[in-house]
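>>> okay, structure incoming, though there's no sequence with it:
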């Protein structure tokens with residue numbers, strides 16, 4: 001049995017597990033340790049022999065990413081899924097649409113070229129330039145000649161889409177007909193009331 005002496009006689013190093021053991025117990029420890037424990041070749045932990053395979057499969061066996069099926073060590077799976085997996089879901093910086101990381105660059109190339117109106121200077125700004133523009137925008141239109149022309153063009157387009165106004169109506173004719181109708185009704189009601197108030201003729 002190979003045992004190495006420590007700096008003092010009070011402990012000795014077990015040649016199987018490399019732990020310092022009291023000298024008086026070294027023989028008993030070694031017999032138990034060498035029979036029941038096994039050193040993991042990957043992490044050097046001492047594990048029970050009967051659980052060595054389980055230790056390997058639950059701690060060190062390669063696993064596949066559920067998103068991209070790439071095989072890797074279990075310890076790096078969480079980092080891979082959170083930061084490196086090409087199929088992980090990320091969001092666009094401009095529209096916050098969720099999509100796989102592999103498609104992000106192409107999507108943002110198109111999405112970042114969309115424009116939005118700056119309400120301070122009335123210019124259309126690309127989304128990719130919005131943050132830099134907001135820092136430097138002073139609220140004054142850079143090209144004052146273009147804005148009125150653009151406004152006029154927008155008004156012309158709006159007017160072209162507007163339905164034509166209804167033809168003007170002859171309000172005097174309508175008013176005359178309404179007056180005649182009201183007068184006729186009044187005469188009819190008056191004659192009915194007048195007949196009811198007449199005393200009966202004997």
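Perfect, I can see it now. Treat the numbers as computed from the prediction; the structure is a model and nothing was measured.
>>> tell me where this structure has strands.
Using DSSP state E, the strands found in the chain span residues 3-5, 11-14, 20-22, 37-39, 46-48, 63-64, 71-72, 89-91, 98-100, 115-117, 124-126.
>>> any idea which of the ones you listed scores lowest on pLDDT?
For the strands of the chain, mean pLDDT drops lowest on strand 3-5, to a mean of 47.
>>> can I get the strands of the chain in TSV with mean neighbour count and distance to residue 81?
Every C-beta, even on glycine, is put in place using the N, C-alpha and C of the backbone. Conversion of the strands of the chain to TSV gives the following (neighbours: other C-beta atoms under 10 Å; distance: least, C-beta to C-beta, whole Å):
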stretch	mean neighbour count	distance to residue 81
strand 3-5	12	44
strand 11-14	19	40
strand 20-22	14	41
strand 37-39	16	31
strand 46-48	15	27
strand 63-64	14	11
strand 71-72	12	10
strand 89-91	12	10
strand 98-100	12	13
strand 115-117	12	34
strand 124-126	14	33
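>>> any chance of those strands in JSON lines, plus distance to residue 191?
Putting these into JSON lines (distance: least, C-beta to C-beta, whole Å) gives the following:
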{"stretch": "strand 3-5", "distance to residue 191": "137"}
{"stretch": "strand 11-14", "distance to residue 191": "131"}
{"stretch": "strand 20-22", "distance to residue 191": "130"}
{"stretch": "strand 37-39", "distance to residue 191": "122"}
{"stretch": "strand 46-48", "distance to residue 191": "117"}
{"stretch": "strand 63-64", "distance to residue 191": "100"}
{"stretch": "strand 71-72", "distance to residue 191": "104"}
{"stretch": "strand 89-91", "distance to residue 191": "82"}
{"stretch": "strand 98-100", "distance to residue 191": "81"}
{"stretch": "strand 115-117", "distance to residue 191": "70"}
{"stretch": "strand 124-126", "distance to residue 191": "73"}
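>>> perfect, I'm done here.
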